[in-house]
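*Asks:* could you work out the structure for the sequence below:
(chains A and B)
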Amino acid sequence: MSQDLELGLYVFVLATFLGIEVIRRVSPLLHTPLMSLTNAISAIAIVGSILVAGEQKTPLSTVLGTLAVACSMINIVGGYLITYRMLRMFRKSGKDKR
Amino acid sequence: MIDRVVPLLYLTAAVSFILALKWLSAVPTARRGVIVGAAGMALAVIGTLLKPEIASYRWIAVALVAGTAIGIPMALMPMTAVPQRTALSHAFGALAAALVGTAEYYLRAPAIDRFTMGALSLEVLLGFLTFTASLMAFGKLQEILPTRPVTYRHQNIFNLSLFVLAASAGVYLVIRPEAAWLFPVFGVLALVFGVLLIIPIGGADMPTVISLLNSYAGLSAAAMGFVLNNKLLIIAGSLDGSSGLILSVIMCRSMNRSFGNVLFGAFGQVQATPAAETRAVRSATPEEAAGILQVAGKVIVVPGYGMAVAQAQHKVRELYDVLTKAGVSVTFAIHPVAGRMPGHMNVLLAEADIPYDRLAEMEDVNSDFPQADVALIIGANDVTNPAARHDRNSPIYGMPILDADKARTVMVIKRSMSPGFAGIDNELYYMDRTLMVFGDAKTVVGHLVRELAGGSGHA
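*Replies:* Numbers count the residues shown, from 1 in each chain, chains lettered A, B, ... in the order given. Next up, the predicted model:
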């Protein structure tokens, strides 16, 4: 097992545990924004897509990479915007202070 | 220089994603979370664009512009369409991962080590199957496709064999990455499996399925992180994966069903419920219903998918206003699987400007029903069916429900007596304390508001 791989597996396992602990605390009230936010976050796949599209090694990889950049960008722009829009709608009632 | 800065930018992005999810735990900090998450994403993208490996920006620029142009309208969709939109975004996320995986295969194979090829196979398998599965879910939610489960003989055996075939193709590619002819076959098998996976799944199971697809999309991004040896991708992907997993577990638990049962159970089509005997129900006009609400002290509203379909949430807000003004205490009881995705009802009611502190979760609100004068059920069905508590033969036996039947008066706004999605008769409707108000949710609630707002002769 190469060192990169070993490190990668550690990162994966720790991030999964961290994710479970952090996300368990998210109020069910916000489960829809949670899903749109995590979806936007996983659009970090754009990093890999940009490299494939930009390195221009073969025409095929450029085409696939370009499509992948577009798909990821849709989720980044759409995901963060709609999450923000949703959260702006949640307001407290004036009299109830909790 | 840039090569030293980029890893730091990635690290910052990873931290910002974790903070974003942490701050999402409560409403007051949630918006800050989104902004921090978006800032982290921007840093990661800018850092990547500055990398010296990038030979040309032309296509990247085109794709970024096109993605933005499609992404903005997708963010402006109405809140009733959020489940469809979410399914579609899972499709895009999964497709991106699958396409990068495909590109990497053709760039690197056969000189690719076993482990990388394993991660790549997983990325492509999950990516392609989630892509078509999410598109199918989108079609069902948008009602382009039939929302009822579609089943045929030996469906599960067929689907399972197809999956085994796809997985074996993936494994074979790990052993022999040079088998380039197999790669397209592998991709197509994954695509087809995604379609077949969703065909037998009905509307009421969508919250679980959407959560599961969310998890798969995240895991395919994490697998991509292993292929590209990029820790940021692994972190972001596993955060998404664990989030989807938690949500699916919550959804399953709220229906008292297992994953396997959701995926292979084809809920609802087996029980044809030939209970054709027409039992007597008490029906009431909106005027009579308004009269009861007017003298109530405590009202608990139970919203369901029917409210979303009728687009009644704004009328419900008016009802909330008019009752609150009259000194009635109004709470909304939210079942975890109400609607078509986790948290669907909360977003709809928040959009209609109902304060979120009036929205109560099942565990918190169930003890309040015995003290409630009226439980007003708007477009919800199975989540209030007392059969879940005692009828061992009921398909929803054991599912945690909202105790609406314990309120002094139960009022149900419903279009007709036709059974709900699961095809199960709701015995709540036949109780002595229950009043059925037949009609479209939006019209009936509007009517109630007019009656309560005065001019009804009660003054």
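*Asks:* give the burial count for the closest residue to B:R148 other than its chain neighbours, as a bare number.
*Replies:* Closest residue to B:R148 apart from its sequence neighbours, by CB to CB, 6 or more residues apart in numbering or on different chains: B:G202 at 5.7 Å. (C-beta placed from N, C-alpha, C; glycine too.) Neighbour count of B:G202, defined by other CB atoms under 10 Å in any protein chain shown: 23.
*Asks:* quick check: the gap between B:G202 and chain A.
*Replies:* 20 Å (CB to the nearest CB, to the nearest Å).
*Asks:* next one: B:V337
*Replies:* Distance, B:V337 to chain A, by CB to the nearest CB: 11 Å.
*Asks:* identify the residues contacting that residue.
*Replies:* B:A204, B:P207, B:T208, B:M251, B:S254, B:M255, B:V383 (CB atoms under 8 Å, 6 or more residues apart in numbering or on different chains).
*Asks:* swap in 6 Å and give it another go.
*Replies:* By CB atoms under 6 Å, 6 or more residues apart in numbering or on different chains, the contact set of B:V337 is B:P207, B:M251, B:S254, B:M255.
*Asks:* with A:A53 instead?
*Replies:* Taking CB under 6 Å, 6+ apart as the test, what A:A53 contacts is A:G65, A:T66, A:V69, B:W59, B:I60.
*Asks:* could you export those residues as CSV, including pLDDT, neighbour count and distance to B:V412?
*Replies:* Formatted as CSV, the contacts of A:A53 follow (pLDDT from 0 to 100; neighbours: other CB atoms under 10 Å in any protein chain shown; distance: CB to CB, whole Å):
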residue, pLDDT, neighbour count, distance to B:V412
A:G65, 96, 29, 54
A:T66, 96, 25, 53
A:V69, 97, 32, 50
B:W59, 93, 19, 56
B:I60, 95, 25, 55
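*Asks:* so which of those comes closest to B:I72?
*Replies:* When the contacts of A:A53 are compared for distance to B:I72 (CB to CB), A:V69 wins out at 16.3 Å.
*Asks:* one step back: the residue nearest to B:R148 reaches B:P149, doesn't it?
*Replies:* Yes: between B:G202 and B:P149 there is a contact under CB atoms under 6 Å: 4.2 Å.
*Asks:* quick one: least confident helix or strand in chain B?
*Replies:* The helix or strand of chain B with the lowest confidence, counting by mean pLDDT, DSSP states H and E, is helix B:259-264 at a mean of 71.
*Asks:* show me which residues of the helix or strand just after it are buried.
*Replies:* Scanning forward in sequence from helix B:259-264 by DSSP states H and E, the next helix or strand is helix B:286-294. With burial defined by 16 or more other CB atoms under 10 Å in any protein chain shown, the residues of helix B:286-294 counted as buried are B:P286, B:A289, B:A290, B:G291, B:I292, B:L293, B:Q294.
*Asks:* alongside chain A, which residues does the stretch 301-450 of chain B contribute?
*Replies:* Listed as neighbours of chain A in the stretch 301-450 of chain B under the rule CB under 6 Å from any CB of the partner chain: B:P342, B:G343, B:N346, B:V347, B:A350, B:E351, B:P355, B:Y356, B:D357, B:E361.
*Asks:* which of those residues fall within strands?
*Replies:* Using DSSP state E, B:E361 are the members of these that sit in strands.
*Asks:* TSV for the residues of the stretch 301-450 of chain B next to chain A, including neighbour count?
*Replies:* Converted to TSV, these look like this (neighbours: other CB atoms under 10 Å in any protein chain shown):
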residue	neighbour count
B:P342	30
B:G343	27
B:N346	28
B:V347	29
B:A350	26
B:E351	20
B:P355	18
B:Y356	18
B:D357	17
B:E361	15
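*Asks:* quick one, what contacts the most centrally placed residue in chain B?
*Replies:* Compute the mean C-alpha point of chain B, and by CA atoms, centre = their mean the closest residue is B:M341, 2.2 Å away. By CB under 6 Å, 6+ apart, the contact list for B:M341 reads B:P83, B:T86, B:P207, B:I210.
*Asks:* helix, strand or coil for the last one?
*Replies:* For B:I210, the assignment made with DSSP: H, G, I helix; E, B strand; the rest coil gives helix.
*Asks:* related to what we said a few turns ago, want to throw the residues of the stretch 301-450 of chain B next to chain A into CSV with distance to A:I76 and pLDDT?
*Replies:* Formatted as CSV, these follow (distance: CB to CB, whole Å; pLDDT from 0 to 100):
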residue, distance to A:I76, pLDDT
B:P342, 22, 91
B:G343, 21, 91
B:N346, 24, 94
B:V347, 20, 93
B:A350, 24, 93
B:E351, 23, 91
B:P355, 31, 94
B:Y356, 27, 93
B:D357, 32, 92
B:E361, 31, 92
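*Asks:* out of everything not next to it in sequence, what's closest to residue 5?
*Replies:* Reading this off chain A. Nearest residue to A:L5, sequence neighbours excluded (CB to CB, 6+ apart): B:F115, at 5.5 Å.
*Asks:* wait, chain B was what I had in mind.
*Replies:* Nearest one to B:V5, counting by CB to CB, 6+ apart, is B:G47 at 6.8 Å.
*Asks:* so where is the stretch 251-400 of chain B shaky, pLDDT-wise?
*Replies:* B:263-278 (pLDDT under 70).
*Asks:* could you check whether stretch B:227-234 is close to chain A?
*Replies:* Yes: using CB under 6 Å from any CB, stretch B:227-234 reaches chain A at B:L228, B:N229, B:K231, B:L233, B:I234.
*Asks:* the third one contacts A:V11, correct?
*Replies:* So that's B:K231. Yes: with contact defined as CB under 6 Å, B:K231 reaches A:V11; the gap is 5.1 Å.
*Asks:* B:F193: neighbour count?
*Replies:* 22.
*Asks:* oh, that last question was meant for B:F158, not what I typed.
*Replies:* 12.
*Asks:* so which strand or helix has it?
*Replies:* Using DSSP H and E, B:F158 falls in helix B:155-175.
*Asks:* what's that helix in contact with?
*Replies:* By CB under 6 Å, 6+ apart, helix B:155-175 touches B:114, B:117-118, B:121, B:125, B:182, B:186, B:189-190, B:193, B:196, B:200, B:264.
*Asks:* now do the buried residues in it.
*Replies:* B:Q155, B:N159, B:L162, B:F163, B:A166, B:A167, B:A169, B:G170, B:L173, B:V174.
*Asks:* go on, stretch B:224-239?
*Replies:* B:224-228, B:230-239.
*Asks:* how about stretch B:189-208?
*Replies:* For stretch B:189-208, by 16+ other CB under 10 Å, it's B:189-194, B:196-208.
*Asks:* convert the C-alpha atoms of stretch B:174-184 to PDB, please.
*Replies:* Provided in PDB are the C-alpha atoms of stretch B:174-184 (Å, rounded to 0.1, in the frame of the first residue of the first chain):
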ATOM      1  CA  VAL B 174      -9.200  -3.700 -11.900                       C
ATOM      2  CA  ILE B 175      -7.500  -7.000 -12.600                       C
ATOM      3  CA  ARG B 176      -7.000  -6.300 -16.300                       C
ATOM      4  CA  PRO B 177      -7.100  -2.500 -16.800                       C
ATOM      5  CA  GLU B 178      -6.000  -3.100 -20.500                       C
ATOM      6  CA  ALA B 179      -9.400  -4.600 -21.300                       C
ATOM      7  CA  ALA B 180     -10.500  -1.300 -22.900                       C
ATOM      8  CA  TRP B 181     -13.400  -2.900 -24.700                       C
ATOM      9  CA  LEU B 182     -15.000  -3.700 -21.400                       C
ATOM     10  CA  PHE B 183     -15.000  -0.100 -20.100                       C
ATOM     11  CA  PRO B 184     -18.000   1.200 -22.200                       C
END
